[in-house]
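Let me see the structure of the following:
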Amino acid sequence: MTKQPADSSPEQTAPVANRRTQRRIVVRIPIQVYLPTSGDPLIAMNQDISWGGAQFVVAAPLAALSGTLRLVFPWRGHEKVAVEAEVVRAQRLASGHYQVAVRFASLSPRSQARLEKLLTMLDAADGSSEQDAGLLVRELEVAVEDAGAMREMLEQIATGHLGVTVFEAYDAGQSIRLAIHGGAGLPSFRLRARVRSIARVKVEGFATAELFGLDLGFEHPTSAIKAFVDLLTAQLPPVWKDPESSFAGAPDWLRAMHVARPTEDLALGERTDVSVLESRFPDALASLRMVWGDPEAFDLAFRELTLGSRAEPGGWPEDAWDELGFLQDIHDCVYGLSATRLSRLRPTRCR
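Residues are numbered from 1 along each chain as shown. Take a look at the predicted model:
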């Protein structure tokens, strides 16, 4: 059994500049640390946490405290927040334990949603938090107005990186929240991203503006990124002017038939691969897509569809209700429940 280490001060403390761009939140809780060379976790005492990393004290040999570690933070009930983290530094304390600083490198979408909730709750409750030490996280917002641009962006994200041009400088290595806001009928989503490189750029028409080109990498598992991109790409409308599109050169009457909304009588007559929500209630599906990944916002939107002003007059058809429930179940499993809902059970179907 591993003894839980006590906190103690370093033998020598060298003055270093605080380069953190995100607020550190003091939280002393036991966490599990999985070393690359061992399958059994060590119990460490966490000292502080931020969007980009954490600091903890652990009793372990120095040689083992390098490379990538797996950290497990407690969450509600028996749930957890699992993080792949890279060791930034480790220094020996007077007690013989080591104080370890890590940088978060990869989180699943579920753990990311829980981490954001954890940071928000701790930040609100921690009166000793360094309010002037930076924002909780720096967010980069990107607006995408048409399906072609969204498709190109998703294709680039699938490769593991994204290039964007911005008006403000960022630090290389900085971890940020990338918020993509889609135009009408397009998805919006958020990702953890890290600035891999930054360079000044010149763009025609912006001669007097100071512009920067960012190369962003993503702090999510490759498999999760691919599944996410495939899901969103499948929902995008066709890009008619794309020369590689199967509709390129098609006559206007064919394009009009393709984009026209099917009538209720024909919606599921021949195309059994189209869901009821997609064919008959696209607005309901779009409202859930806009808040996908945010448990609190998803719950609000779901309540509006089932019990609120957006509930279907006379009640939802049984097949549509089953699809709504299926989407809620998937969202609960991937991103967790909201703080106000303790059960995965949805309301009884309104008739």
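
Just to be sure, residue 103 is in a strand?
Yes: Residue 103 forms part of a strand when assessed by DSSP: H, G, I helix; E, B strand; the rest coil.

Now do the residue lying closest to it once chain neighbours are set aside against residue 137, distance only.
Distances taken as CB to CB, 6 or more residues apart in numbering place residue 53 nearest to residue 103, at 4.4 Å, with adjacent residues excluded. (Glycine included, C-beta is placed from N, CA and C.) Remark: distance between residue 53 and residue 137 (CB to CB, to the nearest Å) = 12 Å.

Between these two, which is the more surrounded one?
Remark: of residue 53 and residue 137, residue 53 carries more neighbours, 21 against 17, as counted by other CB atoms under 10 Å.

residues contacting the more buried one?
By CB atoms under 8 Å, 6 or more residues apart in numbering, residue 53 lies in contact with 85, 88, 101-104.

Residue 288 too?
Per CB under 8 Å, 6+ apart, neighbours of residue 288: 298, 301-302, 305, 327.

hey, where'd the strands end up in the stretch 201-350 of the chain?
Under the criterion DSSP state E, counting those that start in this stretch, the stretch 201-350 of the chain contains strands at 211-218.

Check the separation of the first and last residues in stretch 171-185.
This stretch, stretch 171-185, spans 34 Å end to end (CA to CA, to the nearest Å).

Let me see the residues that make contact with that stretch.
By CB under 8 Å, 6+ apart, stretch 171-185 touches 19, 21-22, 51-52, 103-104, 137-147, 150, 153, 162, 170, 187-198, 216, 219, 237, 286.

what does stretch 149-168 give?
140, 142, 144, 178, 180, 182, 186-187, 191, 193, 196, 201, 203, 209-218, 222, 225-226, 229, 232-233, 236, 239.

Check which residues of that stretch are buried.
Across stretch 149-168, burial judged by 16 or more other CB atoms under 10 Å covers 149-151, 153-154, 157-158, 161-162.

Out of the contacts of residue 288, the closest to residue 321 would be?
Closest to residue 321 out of these is residue 305 (10.0 Å), distances taken as CB to CB.

can you list the buried residues of stretch 149-168 in JSON lines and add pLDDT and distance to residue 47?
Converted to JSON lines, the buried residues of stretch 149-168 look like this (pLDDT from 0 to 100; distance: CB to CB, whole Å):
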{"residue": "149", "pLDDT": "90", "distance to residue 47": "43"}
{"residue": "150", "pLDDT": "91", "distance to residue 47": "41"}
{"residue": "151", "pLDDT": "91", "distance to residue 47": "44"}
{"residue": "153", "pLDDT": "93", "distance to residue 47": "38"}
{"residue": "154", "pLDDT": "94", "distance to residue 47": "39"}
{"residue": "157", "pLDDT": "95", "distance to residue 47": "34"}
{"residue": "158", "pLDDT": "94", "distance to residue 47": "37"}
{"residue": "161", "pLDDT": "94", "distance to residue 47": "32"}
{"residue": "162", "pLDDT": "95", "distance to residue 47": "33"}
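
Next one: residue 93 from residue 333, what distance?
For residue 93, the distance to residue 333 - CB to CB - is 41 Å.

Neighbour count for these two, which is higher?
It is residue 93, of residue 93 and residue 333, that has more neighbours when counted by other CB under 10 Å, with 17 against 11.

isn't that one right up against residue 99?
Yes: between residue 93 and residue 99 there is a contact under CB atoms under 8 Å: 5.7 Å.

before we move on, the earlier item: quick check, pLDDT for the residue nearest to residue 103.
Residue 53 is assigned 96 on the pLDDT scale.

Now it, what are its backbone angles?
Main-chain torsions, residue 53, degrees, to the nearest 10: phi -180, psi -170.

List the residue ranges of the protein that fall below the pLDDT cut-off.
Scanning the chain for pLDDT under 70 picks out 1-21, 125-134, 205, 238-274, 314, 342-351.

Domains in it, by residue range?
25-125, 139-235, 261-335 (automatic domain parsing).

Quick check: which of these is buried the most?
Highest mean neighbour count of the domains of the chain: domain 25-125, a mean of 17 (counted as mean count of other CB atoms under 10 Å).

Tell me the gap between that one and the middle of its chain.
19 Å (CA atoms, centre = their mean, to the nearest Å).

just stretch 179-187 next, same as before
With CA atoms, centre = their mean, you get 15 Å for stretch 179-187.
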